[in-house]
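> Requesting a structural model of the entry that follows:
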Amino acid sequence: MPYIWTEKQVAVEKTELIITYFSEEKTAYLKGKGVLHLFWNKESSLLQEIWRYKDKNYGIKRLQNGGGKHRTVLIDFDSLNADLQDILKDPRKVANPLDLYFKIDGDAYTYYSGFRRLGSTLTKDEKENYLINASVMKAAIKLEEVRIQERIKLKGSLRTTTVDGVVIPGVLQSLLQDVIDFQTTLTIKHKEKEHTLPTGEKQFKKVLNECKENLYYPLIKDPEGKRNNNARRVCEQTEMILNGLFKNQLHKPTPTEVARNYDAFLNGYAEVYNQDTGELYDP
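Numbering: from 1, shown residues only. Have a look, this model is predicted:
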């Protein structure tokens, strides 16, 4: 996100402008909005354009050269074209309807501090992340209610419609865009970390509906620790199989012997029995 670099200048990091740095989700989103062509395909293209305009009083300009472990190329936000500025959002002109309803949710802090996953508390980063996500989602739910009532009052559609050739986003679509754009408000005005709420319409709708029933729980990734449990079960079973393969061997097997014997088991050339149940393992 663009940020205020000096009193009169706003900086944009190169990773915000070069497609190769984008996630698949972000690329798909920008492509869907029809604005992907405004960005640069690779770093060399961006640097070439900066060089082309460096001595002119117009065109893209660099605020800082790259190089070194902690230095990256910074671009002057005001030197970008107007369409690109609209997409990136000027932090000096933050205006988002979510801001009317946003505040850090103290109840969320209490909930995530007391939550246990397989008996263990969430990490500090997890708690901070979920606190921000819950606070933004709580604001989004309130804004959605207001927006629905406004549409009903004006006898407008809650879904995306086209009127006289102009596309009017539905309540869900407009709400999602506000949530995406709220990243700038979070970092500039509230000095908070960015949220990690879904930016895809289908997934956002799913999480939004779940949070209306229970605001905090749906935002936790793998709340029951199933992924860790599955990984642990696989490791324990693999260990039992390996022990069975080498139980009669007096010397410690080499990595090559382990691989060879395990392959033999997987291909049906070696049988291994569960030492507790006597059951023959199925490769």
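> Next one: the most centrally placed residue in the chain from residue 98, what distance?
The centre of the chain sits closest to residue 196, judged by C-alpha atoms, centre = their mean, with a distance of 4.6 Å. Distance, residue 196 to residue 98, using C-beta to C-beta, to the nearest Å: 16 Å. Quick note: C-beta positions are derived from backbone N, CA and C, even for glycine.
> Just say helix, strand or coil for the residue sitting furthest away from the middle of the chain.
Distance from the C-alpha centroid of the chain, by C-alpha atoms, centre = their mean, peaks at residue 250 (51.0 Å). Following DSSP: H, G, I helix; E, B strand; the rest coil, residue 250 is assigned to coil.
> So which residues of the stretch 151-283 of the chain form strands?
161-163, 166-168 (DSSP state E, counting those that start in this stretch).
> Select, out of those strands, the one closest to residue 4.
strand 166-168 (32.9 Å; C-beta to C-beta).
> Can you name every helix or strand that the closest one contacts?
Under the contact criterion of 3 or more C-beta pairs under 8 Å, 6 or more residues apart in numbering; DSSP states H and E, strand 166-168 touches strand 161-163.
> Count the residues that sit near residue 92.
Neighbour count of residue 92, defined by other C-beta atoms under 10 Å: 12.
> Low-confidence stretches in the stretch 151-283 of the chain?
163-164, 227-235, 267, 269 (pLDDT under 70).
> the helices in it, which residues?
171-188, 201-213, 226-245, 255-266 (DSSP state H, counting those that start in this stretch).
> Residue 77: which of these is closest?
Using C-beta to C-beta, the nearest of those to residue 77 is helix 171-188, at 11.7 Å.
> among the strands of the stretch 151-283 of the chain, which is nearest residue 19?
Residue 19 lies closest to strand 166-168 among the strands of the stretch 151-283 of the chain, at 25.2 Å (C-beta to C-beta).
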